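*Asks:* Whatever this is, show me its structure:
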Amino acid sequence: MKPRFPRKSTQDAAPPKVRRAPGSPTKSQLQAIAVAEARNRAAKWKTLIPVANALWTKIHAADLARTNGDIHMLSGMVQMHYQASRQDVDRQVKAFFDQHMPSEPLVARPATIATPVAAAPESVIAPASVLSA
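*Replies:* Modelled structure (predicted):
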């Protein structure tokens, strides 16, 4: 009699799970960080709307507010209002964001553990009198 549910072959098995490194953030922590960074970026953008409106006078402040600081939306809007090439507009918008909204991570990532460097033996280090001669 054949089994009702035959065993799956080992070829169809899923790859083994990869565990995260100890001390690294979990998936839910990374999602929370991304949400917090988006909120901070949107709040910072609201303060920059007058500066952006002074730079791009053909775009209304309400339209700038609608972008919520999204580089791609703002680039498209500037390109549409000023009939400029996409490369020039992207360069200009990127320069604006680099100047006014530097990208700093909200949470510092854990540093990698550096291996200590062993001190050189005394015989290898030349005395100061040899170096100055």
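
*Asks:* Tell me the buried residues in whichever helix in the chain runs longest?
*Replies:* When the chain is parsed with DSSP state H, its longest helix is helix 27-55. For helix 27-55, burial by neighbour count (16 or more other CB atoms under 10 Å) applies to R41, W45, L48, I49, A52, N53. Just so you know, the C-beta spots here come from the backbone N, C-alpha and C atoms, and that holds for glycine as well.

*Asks:* after it comes which helix or strand?
*Replies:* helix 61-67 (DSSP states H and E).

*Asks:* quick one: low-confidence parts of the chain?
*Replies:* 1-3, 5-12, 103-133 (pLDDT under 70).

*Asks:* Run the angle between the helix or strand where S75 lies and helix 27-55 for me.
*Replies:* Under the criterion of DSSP H and E, S75 resides in helix 71-82. Angle between the axes of helix 71-82 and helix 27-55 is 20 degrees (criterion: axes from the mean of the first three to the mean of the last three CA atoms, to 10 degrees).

*Asks:* In three-state terms, how would K17 be classified?
*Replies:* Under DSSP: H, G, I helix; E, B strand; the rest coil, K17 falls in the coil class.

*Asks:* count of neighbours near it?
*Replies:* K17 has 6 neighbours, counted by other CB atoms under 10 Å.

*Asks:* that older thread, which helices and strands does the longest helix of the chain pack with?
*Replies:* Using 3 or more CB pairs under 8 Å, 6 or more residues apart in numbering; DSSP states H and E, the elements in contact with helix 27-55 are helix 61-67, helix 86-100.
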